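**Student:** Sequence and predicted structure are below.
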Amino acid sequence: MRYLPKSDAERRAILDELGLASINELFASIPEACRLGRPLAVPGPLSEKEIIDYFRARAAENAAGYTSFLGAGVYNHFRSVVADALLQRGEFLTSYTPYQAEISQGTLQAIFEFQTLMCQLTGQEVANASMYDGSTAAAEAAMMTVRLTGRRRLVISRALNPEYRQVVDTYASDLGLEVVETGFDAKTGQTDLAAAQAATDDTTAAVIVQSPNFLGALEPVAQFAEAAHGRGALLVVAIAEAVSLGAVRAPAEADIVAMEAQSLGLAPSFGGPFAGVIATREKFVRQMPGRLAGQATDGEGRRGFVLTLATREQHIRREKATSNICTNQALCALAVTMHLALLGKEGLREMAAQNLAKARYAVAECEKLPGVRRAFSAPFFNEVTLEFPRAVRLINHELERERIIGPLPLGPFFPEQTKRGLLCLTEMHSRQDVERLVAATRRALESLGVGAREAVSSPAER
Amino acid sequence: MAPTNSPVARNVSLGERLLFEKSAPGKRGMELPPLDVPSVDVAHALGAENARDGVDGFPEVSEIEVIRHFTRLSTWNYAIDLGMYPLGSCTMKYNPRVNEFVARLEGLATEHPLQPAELSQGCLRILRTLELFLLEVTGMDAITLQPCAGAQGEYAGIAMIRAYLASRGNPRKKVLVPDSAHGTNPATAVTAGYEVRNIRSDSTGRIDIGHLAECVDEDVAALMVTNPNTLGIFERDIAEAAELLHARGALLYMDGANMNALAGVARPGDFGVDVMHMNLHKTFSTPHGGGGPGAGPVAVEKRLEPFLPTPVLVEKPDGRLGWDRNRPKSIGRLRAFYGNFGVLVRALAYALAYGPGMVEATRDAVLNANYIRKKLEGVYDLPYEQPCMHEVVFSDARQKKHGVNTMDIAKRLIDYGFHPYTTAFPLIVPGALMIEPTESESREELDRFVEAMRSIAAEAAENPELVKSAPHSARIGRLDEVGAARKPVLRWKPQ
Amino acid sequence: MYPANYKYSQEHEWVTLEGQTATIGITDYAQHSLGDVVFVELPKLGAKFSAGQTIGTVESVKAVSEIYSPVSLEVTEVNTALANTPEKINQDPHGAAWLVKGRATNPGELAKLMDAKAYEAYVAEKEKEAGA
């Protein structure tokens, strides 16, 4: 086997040194009744070429060659080959968590840079070295507010990504926390501020909103902060599309930002691995979960970096840890650091501006279609909820024939919204992609009986 | 000013500064194609109150500077690709390169998790094939690949136990954890709402089965056990422990961190385990990447299947795969989407490379650990004399007489070109040296390591100061962790 | 080493009473076994504790140690200077690095604690165990 660096003769020689007659004697401490006693019934072994062939065949069974307009927490942005080439250096790829600072300075300095970048992006004072993903970051942020306030009630916007909401629910239910969902405004698509305010009481640990929210609407973060702080609660802002921060003001009023950094240099990869981020105020750092790199000096006064404030973590506190999280997503965070280094200040600003422009162009073109209009009035970044005259599911079925994956149907998440879909545009979409989408949608609508001249009811009349 | 902050140093890589310190306005490392639709004014599009004019302090560097920056940083890391990485309990084995290649394929890396299932059959088939592979290796009945890492897998496993017991009327109050356990175990039990009770190890390093019997009562939900345990010793009485628990309505949870000692030899499902997680970044070779990403699948016995995290991958009568989201008894969702797919692809590539031959990797891992044990026995103190499996735990008892402790020896290993072993764990061995060579080491590399360890033992006796002040050859000396923790500096700020 | 006018708990806290006011700190043995202290977490003013309850934590780089109140008390003052100078706990654990002052609500509890001599013997025993 090519991964095993021993010949049978070498194995034999080692067994002789150990005074063993056969390799099975190494397993003598396992009682006979516990042993398998037969070969594993699994496929393989495969050579390198066969492995590549196998996965190429699987890749061909997916959506390669389709143009997709999906976002909803996973975004397709340009990634330079430079970052990936660097990322595949064995010194990064095959190193362990940097507990031994003297021989892990590469990883540690990069984490320190990552933490700095995340603070700059989010307008917060401290950021950790990454969490699993945006959804778990949101759940960890919620639990952090419970520790900080000693309160046990969470007010969560219904416009938080539904899968994030489910993750928060999972963790909250085990801790016996009260979760209150607060709705969004039917006109603006923003979380209903008055309702959120009413739901926030003296037992509320946190108000949790996402911006841009799941429906694409930017939330008035400062107003939610005021509402939460008025009752002694904290504001958690989730961010699923981090590229927005190249154009959208940082949520500096938030007490905790729970962010998904996937769109900053990580492939969609069917949903993972990504990198979550928790950023917060300096005074909350001791209740923040996850690893942290900090600056330190050696005996000769040289600057270096170490993992620090480790007493928050499970291997020291054991049952009293702030979280049981052990790994972070170091390699993903490193990829994000490399990507942002390349993109830089101007690149991120330009990428964000292009996303804004493409989304607005697509909306304008789509609104030329019969009965298609924006569902909500709030400002949006690169994602927008569109209202169609037919069920989005049916329209998408037609689009798939033309190798287009259309807007995400909202029906499965919001049963009252089957005719609405979430359309996402990034700098990766060309003008032609938008034109193809519009033309194909026009044909789809026609085949579903919606003609150009048909009078279509507006959302307000429905 | 400290020498590392100076642009001039003895060696270029010594002086590599922070990205932010290399930045100059107007430089960039990436350009986008020109905009092919009408441009918009950001403040106009978003409202002036929402708009931002770029991110203050963001770096501005060119492409070659980025390449040099990260290449220089990389040279400051130790890595498996450089040599043996004997970290006990971490299983630092070879990470095959073909795994990296296939995870990046167009049609896999590019796929969106919310695209229709009909257009995701390739991704789903990969997940299903891995599920079946892991079920056969563990002997369990059902599985979820959703957990992002071992710790989250543990959490899912304990949450499932809780949900199962609650469905039978009483979730119970306590989780038992042996004193040799990984720190994640008690942390997990508490996160899932349980009190933790420690179980003693006996003089052979195994769970004290008598103490266990005393502790199992109607309040106990489960025992969390690592097998082989963190001393590298197989829990011989595991089946008996399972019976003890089952008789009182409690369950047996296995931490599969050490599954690489069992794959192809013994299956937890065959010795009474009800729930277990695995660390694919250990047994299944996915890269540690400086601390993640990992993946922590959880496999369960049949009666726990309804409680798996949602959604669950199902095969339809026509052979197509899809997600079952209608899971009323499920513990819920652990993360958005389906898990660390890219990591799962790598794990399957590894699994397929071995196939049934995975048992050879297991054998070599155990062979290597026993070889090191034999070669260092008599040089370092062996607190438990039972034969070991994939890892061996020594103590620094002999070297302590010269004032040298396990951490000093570990740091001295750096000077010999090795990564340190795991120090000060498991907690039941004072001054532990926990060594796990994995199957990936040739005899030559093992002999180099043994020689280094023998040489350090001699130094500890003859010149303890040399060992205590190690490392001497690293890029940087021992860092002041106390100062770093007292006055944390966690980000760069402009002067 | 250990002031004669203090009383000591098995968890290595000291307490001294002036009138109704109890002053609490950790002992030299405690700071020594913990190592360099990097952070102290102290209770809020007005908080009430009964004897044996956790009133805060002391952290070194790699360990966290809980502080148990040796007597029942209502907190009237905490040593805020320690937030910026936790190293004082290593330098002067029995003096400047006191942790908490409060009104002793059941002063009779002091009688159950060790005096300096008994504590010294207790610590000597601990050190023997650790050395063995």
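**Tutor:** Received, thanks. It should be emphasised that the depicted structure is a prediction, and the values quoted were computed from it without experimental measurement. Numbers count the residues shown, from 1 in each chain, chains lettered A, B, ... in the order given.
**Student:** Only C-alpha atoms from now on, for both contacts and neighbour counts.
**Tutor:** Will do.
**Student:** can you list the residues of chain C near chain A?
**Tutor:** Within reach of chain A by Cα under 8 Å from any Cα of the partner chain, chain C has these residues: C:59-64.
**Student:** Take these and lay them out in JSON lines including neighbour count, distance to chain B and secondary structure.
**Tutor:** Output for the residues of chain C next to chain A, formatted as JSON lines (neighbours: other Cα atoms under 10 Å in any protein chain shown; distance: Cα to the nearest Cα, whole Å; DSSP: H, G, I helix; E, B strand; the rest coil):
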{"residue": "C:59", "neighbour count": "24", "distance to chain B": "10", "secondary structure": "strand"}
{"residue": "C:60", "neighbour count": "25", "distance to chain B": "8", "secondary structure": "strand"}
{"residue": "C:61", "neighbour count": "22", "distance to chain B": "6", "secondary structure": "coil"}
{"residue": "C:62", "neighbour count": "21", "distance to chain B": "10", "secondary structure": "coil"}
{"residue": "C:63", "neighbour count": "18", "distance to chain B": "12", "secondary structure": "coil"}
{"residue": "C:64", "neighbour count": "20", "distance to chain B": "13", "secondary structure": "strand"}
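**Student:** Out of the residues you listed, show me where the pLDDT dips lowest.
**Tutor:** The lowest pLDDT within the residues of chain C next to chain A belongs to residue C:62, with 77.
**Student:** Helix, strand, or coil at the residue found closest to that one once you drop the neighbours it is linked to in the chain?
**Tutor:** Leaving out its chain neighbours, the residue that sits closest to residue C:62 by Cα to Cα, 6 or more residues apart in numbering or on different chains is residue A:311, at 6.0 Å. Here residue A:311 is helix, with the state taken from DSSP: H, G, I helix; E, B strand; the rest coil.
**Student:** same thing with residue B:313?
**Tutor:** Note that with three-state DSSP, the state of residue B:313 is strand.
**Student:** what's around the residue nearest to it when sequence neighbours are not counted, how many residues?
**Tutor:** Among residues not flanking residue B:313 along the chain, residue B:323 sits closest, at 4.7 Å (Cα to Cα, 6+ apart). Residues near residue B:323, counting by other Cα atoms under 10 Å in any protein chain shown, number 15.
**Student:** What of residue A:390?
**Tutor:** Counted with other Cα under 10 Å, residue A:390 comes out at 18.
**Student:** so how far is the helix or strand hosting residue A:441 off the chain centroid?
**Tutor:** Taking DSSP states H and E as the definition, one finds residue A:441 inside helix A:431-447. Taking the mean of its C-alpha atoms, helix A:431-447 sits 30 Å from the chain's own mean (Cα atoms, centre = their mean, to the nearest Å).
**Student:** which ones are touching the residue nearest to residue B:313?
**Tutor:** B:311-314 (Cα atoms under 8 Å, 6 or more residues apart in numbering or on different chains).
**Student:** Residue B:280 too?
**Tutor:** Taking Cα under 8 Å, 6+ apart, one finds B:286, B:294-297, B:343-344, B:347 in contact with residue B:280.
**Student:** Check what pLDDT residue 77 gets.
**Tutor:** Using chain A here. 98.
**Student:** ah, no, chain C please
**Tutor:** 96.
**Student:** Can you pull out the low-pLDDT segments for chain C?
**Tutor:** Across chain C, residues meeting the criterion (pLDDT under 70) sit at C:130-132.
**Student:** Up against chain B, what does it have?
**Tutor:** Of all the residues in chain C, those lying near chain B are C:36-39, C:60-61, C:84, C:86, going by Cα under 8 Å from any Cα.
**Student:** Just the closest of the residues you listed to chain A, please.
**Tutor:** Of all the residues of chain C next to chain B, chain A sits closest to residue C:61, with 6.9 Å by Cα to the nearest Cα.
**Student:** before we move on, back to that, is it true that the residue nearest to residue B:313 lies in a helix?
**Tutor:** No: Residue B:323 is assigned strand when assessed by three-state DSSP, not a helix.
**Student:** and the gap between it and chain A?
**Tutor:** 13 Å (Cα to the nearest Cα, to the nearest Å).
**Student:** which secondary element of chain A has the worst mean pLDDT?
**Tutor:** helix A:314-317 (a mean of 53; mean pLDDT, DSSP states H and E).
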